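In: Below are the sequence and a predicted model for it; my questions follow.
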Amino acid sequence: MKRLSIAILLLLLLLLQYRLWFAEGGLLTVWHLSSAVATQKKQNEQLTERNHALEGEVRDLKHGLAAIEERARTELGMVKKDETFFEVIGTPKNSSHTPLPSFANISPQTPQPAAPTAAGK
């Protein structure tokens with residue numbers, strides 16, 4: 001009789017442990033759900049940062065001319081009136097030479113005639 005009651009109690013303990021660990025709403029399910037929640041929170045934070053950046057860009061485009069000018073220059077390759085565009089092609093990365101600076105804001109000047117010298121008279 002004593003062995004039978006121990007076996008029944010052991011079986012009940014195993015059944016309760018199974019429900020605790022593996023049944024719907026058990027610890028494994030909770031663990032998987034908390035992992036999914038953490039992943040979703042991280043994704044939401046990234047999307048929130050992207051939304052803030054896009055909101056700032058929209059605000060700049062609506063109210064500021066500098067953002068529109070920057071977009072026109074970078075995406076469309078536009079230059080201002082009376083401005084000369086010089087494209088400087090850099091050297092490869094494995095080269096030890098440094099690329100020359102861009103002179104996009106410098107307008108070309110006409111050469112001035114040389115002043116007459118005493119030897120030329």
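Out: In hand now; what should we look at?

In: from the chain's centre, how far out does stretch 2-18 sit?
Out: 57 Å (CA atoms, centre = their mean, to the nearest Å).

In: tell me the pLDDT at the residue nearest the centre of the chain?
Out: Closest residue to the average C-alpha location of the chain: residue 50 at 8.0 Å, with CA atoms, centre = their mean. Looking at residue 50, its pLDDT is 97.

In: same question, residue 104
Out: For residue 104, the predicted pLDDT is 54.

In: how distant is the longest helix anywhere in the chain from the center of its chain?
Out: The longest helix of the chain (DSSP state H) is helix 27-63. Put simply, helix 27-63 sits 13 Å off its chain's centre (CA atoms, centre = their mean).

In: which strands and helices sit next to that helix?
Out: Secondary-structure packing of helix 27-63 (3 or more CB pairs under 8 Å, 6 or more residues apart in numbering; DSSP states H and E): helix 2-21, helix 65-76. Heads up, the C-betas are built off the backbone N, CA and C, glycines and all.

In: nearest to residue 46, of those helices?
Out: helix 65-76 (23.3 Å; CB to CB).

In: about what we covered before: any chance of the helices and strands packed on helix 27-63 in TSV, plus mean pLDDT, mean neighbour count and distance to residue 33?
Out: Formatted as TSV, the helices and strands packed on helix 27-63 follow (pLDDT from 0 to 100; neighbours: other CB atoms under 10 Å; distance: least, CB to CB, whole Å):
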stretch	mean pLDDT	mean neighbour count	distance to residue 33
helix 2-21	87	10	15
helix 65-76	81	11	43
